[in-house]
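S.K.: sequence first, then the predicted structure, then my questions.
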Number of protein chains: 2
Amino acid sequence: MSVIRHITLPAGFVAAGVKCGIKASGKHDLAILACEKDAAAAVVLTRNQVIGAPVAWCRKTLPRGYGTLRGMVINSGCSNVCTGPRGLKDAATMARLAGAALGAGASKMLVASTGIIGHALPMAKIRAGIAAAATQLGTAHDEEALLAIMTTDTRPKSAVVQTRIGGKLVTVAGIVKGSGMIAPSMATMIGVLTTDAAVAPAALHKALRQAVAGSFNAITVDSDTSTSDTVAVFASGAAGNNTLAAGSADYRKFAAALAEVCGELARAVVADGEGATKLVRIAVSGARSDGEAEIAAKSVANSPLFKCAVHGGDPNWGRIAAALGKSAAKIDPARLVIRIGGVTLFARGTGRKFDLAKVEAHLKGTEIDVACELGLGKGRFTAITCDLSREYIAINADYHT
Amino acid sequence: MSVIRHITLPAGFVAAGVKCGIKASGKHDLAILACEKDAAAAVVLTRNQVIGAPVAWCRKTLPRGYGTLRGMVINSGCSNVCTGPRGLKDAATMARLAGAALGAGASKMLVASTGIIGHALPMAKIRAGIAAAATQLGTAHDEEALLAIMTTDTRPKSAVVQTRIGGKLVTVAGIVKGSGMIAPSMATMIGVLTTDAAVAPAALHKALRQAVAGSFNAITVDSDTSTSDTVAVFASGAAGNNTLAAGSADYRKFAAALAEVCGELARAVVADGEGATKLVRIAVSGARSDGEAEIAAKSVANSPLFKCAVHGGDPNWGRIAAALGKSAAKIDPARLVIRIGGVTLFARGTGRKFDLAKVEAHLKGTEIDVACELGLGKGRFTAITCDLSREYIAINADYHT
């Protein structure tokens, strides 16, 4: 029997996923990832001011964002957000029970929950689920761990990259769930990454923050930042390389591999965005700073009018110009150039005659490239989004909490 | 024969609207509003950095935002945006021709255009249209002027308020087109207000800015700020009151009447928003400042997830909490209270048991009230929006430029 593996591909990790009855559908809904011994770990959490109890737990466990941990427990079907003191207690209980099953204290465990907001976790089911998952930990149930973190994702999303560091083969793997704020009521982007590289915790955190900035923080499905976004990475050190510290050439090689995995996962999230039929890259260059380039790119990526135009295959550069112009980033229409699929539609103040058939053919594809050159400096940023379709409305309007 | 009147109800104004062939549909597409003699005038324009040539003309004509003018010429069907030097020349020509028909110079005229972006105005049709409209100026063709500024509006929108100032009956009237960024490709909010009150130009501008802040600037259909937004007011002085200066009790009475007309028109724009089936008020109170209250209210008003939930009649307070939390306004979940239709759904950190039938009945109506008390200060702001429906996607995705 063949076995699909993701986050247990790097040496030193086991995982399990079970059905414990949190989801009404009866699908997989609880996962444990365990490091066989203490591993370097780092986490990046949502910047929303309204945060779930699991996010509060992760902050408390890793106040600096990195440390040494044994694993992570994740459930879907209920996000444990806006649940007050009881929610905090439930998140701590999840950490304690999952940690005990691994012979570790609660403070060695991260917790993540995804699903509906405002409902208390069904703790009897969670307890039974953690007990069942603990008995199945291994490398054979990796795929079930991935299934257990999904909510309305239409497909599982994972990525693996291998590279040689200090003469050792190093594997970086990751799984992710989410497509913006997924229905039913509220959802979350949760990513779990593993590597067998030996990396100092602080360096791991730095590499994660950089990778997230260019990947998960560059995507948007609907501009609605979740209350539960969590990306965690665990490094077992089992590859046997000398422990990486920030700044070395080997560290940069590792950071690049981590960024590649995060990039692949982030693109997968957008491609599976609610109602999405196309992936759209908006590359802004020539901004006064990278920060302004990000503001401008995200203004286009979050424009409902632009996203509808992409859905309809309409080369509507006016909506791109308007979305750039309404942003807080400095724009000078007289210097602005807008291209779709490499074809210039607007340059220095006016629309250009262009090959309509060529642009329409590009827009009929599933990957759309928009380039906006601002002509004001060296700042650049590429945002990634999807189109806006009737299906998004159906998913988010027809569901009842 | 009965005659519908709007902006010619205040004494001292005439108007006309004609079909000159700019719109492919053959509907009314050019309007002139004329003051019988020089009138105080004020204008508020889009803050988008990409602006239409007519907006550039209005800025040049009234650099301080107010002055003494004779009228305004408006066309629909083509917005004259991103049209380069030719667009600026065409806007100036419109002002010159319409001014000449009134015996005034170009510098006495405002210009507004609405419709598709990136196309040059058909100037032969515009010339013929201005000539035809000039011969029809009067009070009998008021309704045709309103029809001529519409694009995909599903209904004409106007409002009239009367009040006594200094013993004189004063009328304030207004017409408006738009529902955010209306299809076809890009559209605009254009509002024209008239009054027979005598008001000093600077005071008129102050009253307009205040009225717009609480009305047009408080609404959002899709967060996409237009390149052409224009609201202008003309005061003929024909009512015979002593000229109002800012600060007096009579000025405040006039400003209140102007704000009332703007508020009615702004609500009409949202109610006619693309695909809208419901008008939604989001009242934020207890913010650290009015500015932060506006940021928080607009974050909810622009959340696609929230707007979909309203469309589906789903009392999904989690999406409201998340939209508040992602905003740049300070939020403390432990102090936050969220109400829909007067019913408390969330208070101080947790969801509350509530009368679901009562909230669902409120959500089935066409006017929805959401109240968010932040508990952090005295700042308050009410944003007004509409729901997000499949029809919005249809309008904005299925059209081809």
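M.R.: Looks like it arrived, so ask away.

S.K.: tell me where the longest helix sits in chain A.
M.R.: helix A:249-271 (DSSP state H).

S.K.: which helices and strands does that helix pack with?
M.R.: Packing contacts for helix A:249-271, counted by 3 or more C-beta pairs under 8 Å, 6 or more residues apart in numbering or on different chains; DSSP states H and E, involve strand A:157-165, strand A:168-177, strand A:190-195, helix A:201-214, strand A:219-220, strand A:279-287, strand A:379-386. Using the backbone N, CA and C atoms, a C-beta is placed for each residue, glycine as well.

S.K.: from the chain's centroid, how far away is the last one?
M.R.: For strand A:379-386, the distance from its own C-alpha centre to the chain's C-alpha centre is 15 Å (C-alpha atoms, centre = their mean, to the nearest Å).

S.K.: dump that strand to CSV, restricted to CA.
M.R.: Extracted as CSV, the C-alpha positions of strand A:379-386 are listed here (Å, rounded to 0.1, in the frame of the first residue of the first chain):
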residue,chain,number,x,y,z
GLY,A,379,10.2,49.7,-4.3
ARG,A,380,8.6,46.4,-5.5
PHE,A,381,6.1,43.9,-4.2
THR,A,382,4.0,41.1,-5.8
ALA,A,383,0.6,40.4,-4.4
ILE,A,384,-1.3,37.3,-5.3
THR,A,385,-5.0,37.0,-5.3
CYS,A,386,-7.9,35.2,-7.1
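
S.K.: which stretches of the stretch 101-250 of chain A have low pLDDT?
M.R.: Along the stretch 101-250 of chain A, the parts satisfying pLDDT under 70 run over A:179-188, A:220-228.

S.K.: pick out the residue of it closest to chain B.
M.R.: Nearest residue of the stretch 101-250 of chain A to chain B (C-beta to the nearest C-beta) works out as residue A:117 at 3.0 Å.

S.K.: so that residue sits in a strand?
M.R.: No - going by DSSP: H, G, I helix; E, B strand; the rest coil, the assignment for residue A:117 is coil, not a strand.

S.K.: from what I see, it and residue B:323 are in contact.
M.R.: No - Residue A:117 is beyond contact range of residue B:323, at 11.8 Å (criterion: C-beta atoms under 8 Å).

S.K.: the residue of the stretch 101-250 of chain A closest to chain B - nearest residue in space that isn't next to it in sequence?
M.R.: residue B:318 (3.0 Å; C-beta to C-beta, 6 or more residues apart in numbering or on different chains).

S.K.: go on, residue A:98?
M.R.: Nearest in space to residue A:98, with sequence neighbours left out and distances taken as C-beta to C-beta, 6+ apart, is residue A:73 at 3.8 Å.

S.K.: hmm, back to that, report the angle between the longest helix of chain A and strand A:157-165.
M.R.: Inter-element angle recorded for helix A:249-271 and strand A:157-165: 170 degrees (by axes from the mean of the first three to the mean of the last three C-alpha atoms, to 10 degrees).

S.K.: distance of residue A:252 from residue B:305?
M.R.: As judged by C-beta to C-beta, to the nearest Å, residue A:252 and residue B:305 stand 38 Å apart.

S.K.: on that earlier part again, next, count neighbours for the residue nearest to residue A:117.
M.R.: Residue B:318 has 29 neighbours, counted by other C-beta atoms under 10 Å in any protein chain shown.

S.K.: can I assume it sits in a strand?
M.R.: No - applying three-state DSSP, one finds residue B:318 to be helix, outside a strand.

S.K.: how does chain A divide into domains?
M.R.: A:13-271, A:279-397 (automatic domain parsing).

S.K.: now render those domains as JSON lines, adding distance to residue B:204.
M.R.: Shown next, in JSON lines, are the domains of chain A (distance: least, C-beta to C-beta, whole Å):
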{"stretch": "domain A:13-271", "distance to residue B:204": "37"}
{"stretch": "domain A:279-397", "distance to residue B:204": "27"}
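
S.K.: the residue nearest to residue A:98 sits in which helix or strand?
M.R.: According to DSSP states H and E, residue A:73 maps onto strand A:66-76.

S.K.: list the contacts for residue A:65?
M.R.: A:42-44, A:205, A:209 (C-beta atoms under 8 Å, 6 or more residues apart in numbering or on different chains).

S.K.: out of the residues you listed, which are buried?
M.R.: A:42-44, A:205 (16 or more other C-beta atoms under 10 Å in any protein chain shown).

S.K.: from the contacts of residue A:65, pick the one nearest residue A:62.
M.R.: The closest of the contacts of residue A:65 to residue A:62 turns out to be residue A:43 (C-beta to C-beta; 5.5 Å).

S.K.: and that closest one, how far is that from residue A:332?
M.R.: Distance from residue A:43 to residue A:332, by C-beta to C-beta: 40 Å.

S.K.: again, but for residue A:286
M.R.: Counting by C-beta to C-beta - residue A:286 and residue A:332 are separated by 10 Å.

S.K.: kindly report the same for residue A:200.
M.R.: From residue A:200 across to residue A:332, the span is 45 Å (C-beta to C-beta).

S.K.: swap in residue A:368?
M.R.: Distance, residue A:368 to residue A:332, by C-beta to C-beta: 25 Å.

S.K.: quick one, which of those two is more surrounded?
M.R.: residue A:368 (20 against 14).

S.K.: mind listing what the closest residue to that one other than its chain neighbours touches?
M.R.: In space, residue A:368 comes closest to residue A:280 once its chain neighbours are excluded; the distance is 4.4 Å by C-beta to C-beta, 6+ apart. Residue A:280 makes contacts with A:301, A:307, A:310, A:367-370, A:384-387, as judged by C-beta under 8 Å, 6+ apart.

S.K.: return the residues of the stretch 1-150 of chain A in contact with chain B.
M.R.: Contact residues, the stretch 1-150 of chain A versus chain B (C-beta under 8 Å from any C-beta of the partner chain): A:47-51, A:81-87, A:116-119.

S.K.: next up, phi/psi of residue A:273, please.
M.R.: Residue A:273 adopts backbone torsions of phi -60, psi 150, taken as degrees, to the nearest 10.

S.K.: what number of residues lie near it?
M.R.: Using other C-beta under 10 Å, residue A:273 has 27 other residues around it.

S.K.: ok, the one 10 residues further on next?
M.R.: Residue A:283: 17 surrounding residues under other C-beta under 10 Å.

S.K.: for the closest residue to it other than its chain neighbours, what are its contacts?
M.R.: Excluding its sequence neighbours, the residue lying closest to residue A:283 (C-beta to C-beta, 6+ apart) is residue A:382, at 4.4 Å. By C-beta under 8 Å, 6+ apart, the contact set of residue A:382 is A:218, A:281-284, A:297.

S.K.: now do residue A:173
M.R.: Counting by C-beta under 8 Å, 6+ apart, the residues that residue A:173 touches are A:6-10, A:158-161, A:193-195, A:261.
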